[in-house]
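# From the sequence below, what's the structure:
(4 chains)
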Number of protein chains: 2
Amino acid sequence: MDAELRDRWLDHAQQQMTEAGRRSGAARTAVLTLLANEGQCLLTAQEITDRLRRAGAGSTASVYRIIDDLHQLGLLHRFDGGDGVARYEIADPEHHHHHLVDDRSGRVEPFTDERLERAIHDVADRLGVELTGHDVILRGHRRSAAD
Amino acid sequence: MDAELRDRWLDHAQQQMTEAGRRSGAARTAVLTLLANEGQCLLTAQEITDRLRRAGAGSTASVYRIIDDLHQLGLLHRFDGGDGVARYEIADPEHHHHHLVDDRSGRVEPFTDERLERAIHDVADRLGVELTGHDVILRGHRRSAAD
DNA sequence: TTATATGCAAAAGCTTTGCATGGGT
DNA sequence: ACCCATGCAAAGCTTTTGCATATAA
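Have a look, this model is predicted:
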């Protein structure tokens, strides 16, 4: 689904990596392809490595190195959960969103809100800050009839 | 400064810990006192342990265990920075705030904004979520004349 | 007295680094 | 041909756990 977004990110990422002076190897190709296909949903380095291994390419070290490059180039967003494991998802300005963490199941759900975005940019203005990024994390659980 | 807030948090924390069925030991007393005095500013477990050791009380294990208890009781807020180290600060409803991280110096600065809070609660309502917590992290740098 | 807190040391888990090798340009 | 990317293994770091001892209640 949304093959256009996927390809757009992939193309952009490869171009950026090349421009940054990096060469294209088997591991990098595999990571980029995997992320382009299912990188919308917060993956850990471990998960990425496991999936690549099953496909016969990619090692722990390479995955961490590639992820790091992508993150530094702004192609990947990093999400530091409360469990000491970093999670990543592809960064696409057109699909900007935040995260709601269910405090019972640990499940993470994305959401967007225009007013929230406006409030954030206004605060940055008020503080005289040139914003390069922002994260919002909501913790809670679905309201049931009992609540 | 703000001795009242300090004492209020300290009293509240000790009471909560006792109600949770915990006993008061040397390490716990030392950690609570330290946090009450300088826990407004995001400390790592390492930093807390170091300061306690200098005072002759507290070990790595105890600090982590105590911090964990406090966090679970909602007496401490946890901040997962992008460097794989957790930072904590005392939780006081009257001093709710968010964080601005300078992407050049790494410095962290607290800020508050009413409209941002309202937007957050509205989003939670829209999602049908009972909010138990939320975090906002802004990344950027002070706007200079050059920007 | 009895259960809990403490502290040391060891273990665990995620992430990074060193180094030899293969592969891109 | 040159240099970077890769992968394995080892090291590094933060955080957790096991266990004997000290201590609060």
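
# Please report phi then psi for the residue nearest the centre of chain A.
Nearest residue to the geometric centre of chain A (Cα atoms, centre = their mean): A:Glu89, 1.8 Å. Phi and psi for A:Glu89, reported as degrees, to the nearest 10, are phi -150, psi 150.

# longest strand of chain A?
Counting by DSSP state E, the longest strand found in chain A is strand A:129-142.

# re earlier: from what I see, the residue nearest to the centre of chain A and A:Gly39 are in contact.
Yes: with contact defined as Cβ atoms under 8 Å, A:Glu89 reaches A:Gly39; the gap is 5.7 Å. (Glycine included, C-beta is placed from N, CA and C.)

# Now for these two: what residues contact both?
With contacts defined as Cβ atoms under 8 Å, 6 or more residues apart in numbering or on different chains, the residues adjacent to both A:Glu89 and A:Gly39 are A:Leu76.

# Which positions within stretch A:67-87 qualify as buried?
A:67, A:69-71, A:73, A:75-81, A:86-87 (16 or more other Cβ atoms under 10 Å in any protein chain shown).

# ok, now stretch A:137-147?
Using 16+ other Cβ under 10 Å as the test for burial, stretch A:137-147 gives A:Ile137, A:Leu138, A:Arg139, A:Gly140, A:His141.

# Give me the subset of the buried residues of stretch A:67-87 lying in strands.
In this view, the buried residues of stretch A:67-87 that belong to strands under DSSP E are A:Leu76, A:His77, A:Arg78, A:Phe79, A:Asp80, A:Ala86, A:Arg87.

# ok, and the closest non-adjacent residue to the fourth one?
By that I understand A:Phe79. In space, and not counting its chain neighbours, A:Phe79 is closest to A:Arg87: 4.5 Å by Cβ to Cβ, 6 or more residues apart in numbering or on different chains.

# Tell me which stretches of chain A form strands.
Along chain A, counting by DSSP E, strands occupy A:43-44, A:76-80, A:86-90, A:98-102, A:108-111, A:129-142.

# quick one: is the shortest one near chain B?
No: judged by Cβ under 8 Å from any Cβ of the partner chain, strand A:43-44 makes no contact with chain B; its nearest approach is 12.9 Å.

# again with the fifth one
Yes: part of strand A:108-111 sits close enough to chain B to count as contact by Cβ under 8 Å from any Cβ, namely A:Phe111.

# helices or strands next to that strand in the packing?
Where contact means 3 or more Cβ pairs under 8 Å, 6 or more residues apart in numbering or on different chains; DSSP states H and E, strand A:108-111 is packed against strand A:98-102.

# with the buried residues of stretch A:67-87 in mind, which one is nearest to chain B?
Using Cβ to the nearest Cβ, A:Asp80 comes nearest to chain B of the buried residues of stretch A:67-87, at 3.7 Å.

# residues contacting the residue lying closest to the closest one once chain neighbours are set aside?
Using Cβ to Cβ, 6+ apart and skipping residues adjacent in sequence, the residue nearest A:Asp80 is B:Asp80, 3.7 Å away. By Cβ under 8 Å, 6+ apart, B:Asp80 lies in contact with A:Asp80, A:Gly81, A:Gly82, B:Ala86, B:Arg87.

# Look up how far B:His12 lies from B:Asp80.
The gap separating B:Asp80 from B:His12 is 24 Å, by Cβ to Cβ, to the nearest Å.

# does DNA strand D sit close to the biggest helix by length in chain A?
Longest helix in chain A, counting residues (DSSP state H): helix A:3-19. No: on the criterion Cβ under 7 Å from any atom of the strand, helix A:3-19 is out of touch with DNA strand D, staying 7.6 Å away.

# cool, and stretch A:41-60?
Yes: using Cβ under 7 Å from any atom of the strand, stretch A:41-60 comes into contact with DNA strand D via A:Ala57, A:Gly58, A:Ser59, A:Thr60.

# Ramachandran coordinates for the third one?
Torsion angles at A:Ser59 (phi, psi; degrees, to the nearest 10) stand at phi -130, psi 170.

# Also the second one?
Its backbone dihedrals place A:Gly58 at phi 100, psi 140, with angles given as degrees, to the nearest 10.

# That one contacts A:Leu52, doesn't it?
Yes: using Cβ under 8 Å, A:Gly58 is in contact with A:Leu52, at 3.0 Å.
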